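Q: Any chance you can model this:
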Amino acid sequence: MGRTWRHSAAAVVAGTLLAWGLGTGGTPAAAAVACPSGVESDFNGDGVRDTAIADPEATVDGVRQAGEIHVVYGGGKGSLTLSQALDAVPGGPETGDRYGYSLAVYDADLDGCSDLVVGAPYEDVGTVPDAGWVHLIYGSTAGLNAGGKAVKEFVQGTDKPLGGGAEAEDWVGYAVAAGKTSAGQPYLLIGSPGESIGTIEDAGGFYYVGGTAQTVTLTHQDTETGGAVAGVAEQDDRFGSSLAATPTHFAVGTPGEAIGTTAFAGGVAYFNHTLTSGYPKPLGGLAQDQDVISGAEEAGDQFGDAIAMVPYRASGATSTTESLLAVGVPGEDLSTTVDAGAVQVFKLAANGTFTQTAWIDQNTADVDQESEAGDFFGKRLAAVNTSPNATSTATTTRLAVGVPGEESSEEHMEKGGVQIVPLVGAPGASDQWIDPGYGIPGVPAPRQLAGLSLAATPSLLYVGMPYGPAEARAVHGFPWNVASGGAPTVTIRPGEGGLPATGVAFGTTVR
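A: Below is the predicted model of the structure:
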């Protein structure tokens with residue numbers, strides 16, 4: 001496929017299918033006395049969750065697809081718009097940067113306020129096109145980017161945090177993931193799926209940024225520190241295209257992995273956070289050519305194109321040291337149904353062994369809907385464990401599966417939808433289905449691609465609707481155990497609550 005991987009989220013499916021940076025109408029978040037510890041996505045330290053919503057296709061200062069991010073502070077404390085047009089945000093708006101293409105949230109400096117990670121994989125670095133970079137924007141009691149701490153830049157270069165040299169189409173920041181290890185140390189993962197390893201183009205890699213010191217190492221499939229990484233660096237592997245993590249483990253998707261001569265069959269490597277000379281420890285790999293994994297490697301399956309991971313505690317266990325990993329296989333053919341898609345779920349033990357626990361598709365017993373060609377079931381995934389310190393159940397561990405190619409009729413082609421299933425037990429025992437006009441507000445329309453934007457919080461599943469009719473574009477928050485067709489409990493729209501009414505693809509990415 002060469003070096004032409006630049007795409008919008010829609011094209012993937014439809015191809016087969018600062019000081020303050022207040023935006024228009026924004027108001028500052030009320031200051032808290034101190035940042036409380038343990039509140040997820042709390043940028044201003046008031047104990048209430050905040051929401052970051054990206055529009056990477058937004059026009060900024062007249063520059064198309066420069067990208068911007070809208071932060072909605074919880075508790076009605078206003079909103080903030082971040083872009084590279086702000087003096088306090090490094091760089092400047094450039095055509096096609098797509099600032100906010102990826103987002104992650106964690107407490108990088110352990111001050112109790114959450115910090116925002118922003119990926120711009122199509123950012124030019126100097127004269128090097130699409131090298132990509134990542135910003136770490138710090139939270140404070142006064143809000144994001146308002147506590148006097150400069151934005152941290154993760155960019156390639158001999159004198160830069162990521163080291164090496166910027167190369168064309170490395171796509172640094174295509175995927176990001178972050179959190180805190182079981183030992184309480186912050187970590188950040190930065191995918192660079194276009195990274196060349198020697199002369200091997202688009203082999204890919206990822207950067208592990210560890211601890212408050214933010215020590216950086218680059219890992220790829222030919223790295224051998226603390227053990228061998230699954231797979232071998234090959235052209236178009238695109239290792240680092242997807243990332244997911246828990247305090248115990250993390251996983252890296254390689255959707256372009258060739259299995260023998262089967263191109264783009266895909267694979268996933270998984271690690272723990274134990275560092276040797278800064279490198280995380282490889283534990284193993286997953287692919288459909290393994291006897292203990294269902295399915296068979298097929299061209300274009302793209303196993304690992306999307307991944308999601310949550311902590312898992314078995315019955316009788318006294319600590320949470322295992323993880324559940326969901327792997328999307330959006331190009332999976334089900335018999336003669338081409339690109340119907342599937343999801344496979346694995347349990348990862350603390351020692352690195354794995355067990356497949358489920359195969360899920362829309363033909364699975366009692367699962368709502370039915371598999372159709374071009375559904376791309378599993379193109380996006382989001383998962384939650386609402387009680388990570390208790391025995392995991394079908395109620396507490398839930399998985400949302402994006403099905404952006406779903407259509408109800410020729411009139412509503414690629415309308416899309418979202419399947420919500422348990423991660424423990426039979427997938428069809430408590431699954432739910434929502435789509436435009438059935439749970440997701442608005443009327444069905446072609447090319448809405450519902451399910452292409454998903455985000456998990458402990459209380460809500462966020463579904464972004466960046467495409468389709470302008471009046472239906474919004475971000476909706478659903479309870480994880482919503483009934484099929486149930487309504488959202490939270491809706492965030494452009495032009496409401498102080499948010500600007502402008503934008504192109506509001507809700508492409510949500511955290």
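
Q: can you list the weak-confidence ranges in this structure?
A: 1-33, 409-410 (pLDDT under 70).

Q: how about a cut-off of 50?
A: For the chain, applying pLDDT under 50 flags the ranges 1-27.

Q: Give me the nearest residue to residue 458, chain neighbours excluded.
A: residue 386 (5.7 Å; CB to CB, 6 or more residues apart in numbering). C-beta coordinates here come from the backbone N, C-alpha and C atoms, glycine included.

Q: how many other residues sit next to the one you found?
A: The tally of other residues near residue 386 (other CB atoms under 10 Å) stands at 18.

Q: Might one say that it is in contact with residue 461?
A: No. When contacts are counted by CB atoms under 8 Å, residue 386 is not listed as touching residue 461 (11.2 Å).

Q: ok, now which ones touch residue 510?
A: Counting by CB atoms under 8 Å, 6 or more residues apart in numbering, residue 510 makes contact with 51, 52, 53, 54, 103, 453, 454, 455, 462, 464, 475.

Q: got the contact list for the fourth one?
A: For residue 54, the set of contacting residues under the criterion of CB under 8 Å, 6+ apart consists of 67-70, 99-101, 103, 118, 507-510.

Q: give me the beta-bridge partners of it?
A: residue 69, residue 509 (DSSP bridges).

Q: Against residue 218, how distant is the nearest residue to residue 172 once chain neighbours are set aside?
A: The shortest distance from residue 172 to any non-neighbouring residue, by CB to CB, 6+ apart, is to residue 132 (3.4 Å). According to CB to CB, to the nearest Å, residue 132 and residue 218 sit 14 Å apart.

Q: Find the residues that touch each one of those two.
A: Residues touching both residue 132 and residue 218 by CB under 8 Å, 6+ apart: residue 192.

Q: in the protein, which strand has the most residues?
A: The residue-count maximum for a strand in the chain (DSSP state E) belongs to strand 267-276.

Q: Dump it to CSV, restricted to CA.
A: The C-alpha trace of strand 267-276 is given here as CSV (Å, rounded to 0.1, in the frame of the first residue of the first chain):
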residue,chain,number,x,y,z
GLY,A,267,-1.7,-9.1,14.9
VAL,A,268,-1.3,-7.8,18.4
ALA,A,269,1.7,-7.7,20.7
TYR,A,270,1.2,-7.3,24.5
PHE,A,271,3.5,-6.2,27.3
ASN,A,272,3.7,-5.3,31.0
HIS,A,273,5.0,-2.1,32.5
THR,A,274,8.1,-3.7,34.0
LEU,A,275,11.0,-1.6,32.5
THR,A,276,14.5,-2.8,31.6
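
Q: So for that strand, what gets flagged as buried?
A: Neighbour-count burial for strand 267-276 flags 267, 268, 269, 270, 271, 272, 273, 275 (criterion: 16 or more other CB atoms under 10 Å).

Q: partners of that strand in the sheet?
A: Here strand 267-276 is paired, per DSSP bridges, with strand 249-254 (antiparallel), strand 279-286 (antiparallel).

Q: Quick one: list the elements packing against the helix or strand following the longest one.
A: If you walk from strand 279-286 toward the C-terminus, the next helix or strand you reach (DSSP states H and E) is strand 306-312. With contacts taken as 3 or more CB pairs under 8 Å, 6 or more residues apart in numbering; DSSP states H and E, strand 306-312 sits against strand 242-245, strand 249-254, strand 322-329, strand 380-385, strand 397-402.

Q: What are the contacting residues of the fourth one?
A: It refers to strand 380-385. 306-312, 324, 326, 328, 343, 392, 396-402, 404, 423, 451-458, 461-462, 480.

Q: List buried residues within those.
A: Looks like those have 306-312, 324, 326, 328, 343, 392, 396-402, 404, 423, 451-457, 461-462, 480 buried, using 16+ other CB under 10 Å.

Q: Return the set of residues that bridge with residue 192.
A: When bridges are called by DSSP bridges, residue 192 pairs up with residue 205.

Q: Quick one: residues contacting it.
A: By CB under 8 Å, 6+ apart, the contact list for residue 192 reads 132, 170, 171, 172, 173, 174, 204, 205, 206, 207, 218, 240.

Q: circling back to that earlier point, tell me which of the helices and strands packed on strand 306-312 sits nearest to residue 46.
A: Within the helices and strands packed on strand 306-312, the stretch nearest residue 46 is strand 380-385; the backing value is 22.9 Å (CB to CB).

Q: Please name the strands paired to the closest one in the sheet, noting orientation.
A: Counting by DSSP bridges, the strands paired with strand 380-385 are strand 397-402 (antiparallel).

Q: Output the strand it pairs with as PDB, nothing but the C-alphas.
A: In PDB, the C-alpha atoms belonging to strand 397-402 read as follows (Å, rounded to 0.1, in the frame of the first residue of the first chain):
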ATOM      1  CA  THR A 397     -17.300  -5.300  32.300                       C
ATOM      2  CA  ARG A 398     -18.800  -4.000  29.100                       C
ATOM      3  CA  LEU A 399     -17.600  -3.600  25.600                       C
ATOM      4  CA  ALA A 400     -18.900  -1.200  22.900                       C
ATOM      5  CA  VAL A 401     -18.300  -2.300  19.300                       C
ATOM      6  CA  GLY A 402     -18.500   0.200  16.500                       C
END
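
Q: quick one, the next helix or strand after that strand and strand 397-402 angle?
A: Going down the chain from strand 397-402, the next helix or strand is strand 418-422, by DSSP H and E. Orientation of strand 418-422 against strand 397-402 (axes from the mean of the first three to the mean of the last three CA atoms, to 10 degrees) gives an angle of 160 degrees.

Q: Tell me the spatial nearest neighbour of residue 417, not counting adjacent residues.
A: Nearest residue to residue 417 in three dimensions, chain neighbours excluded: residue 435, at 3.3 Å (CB to CB, 6+ apart).
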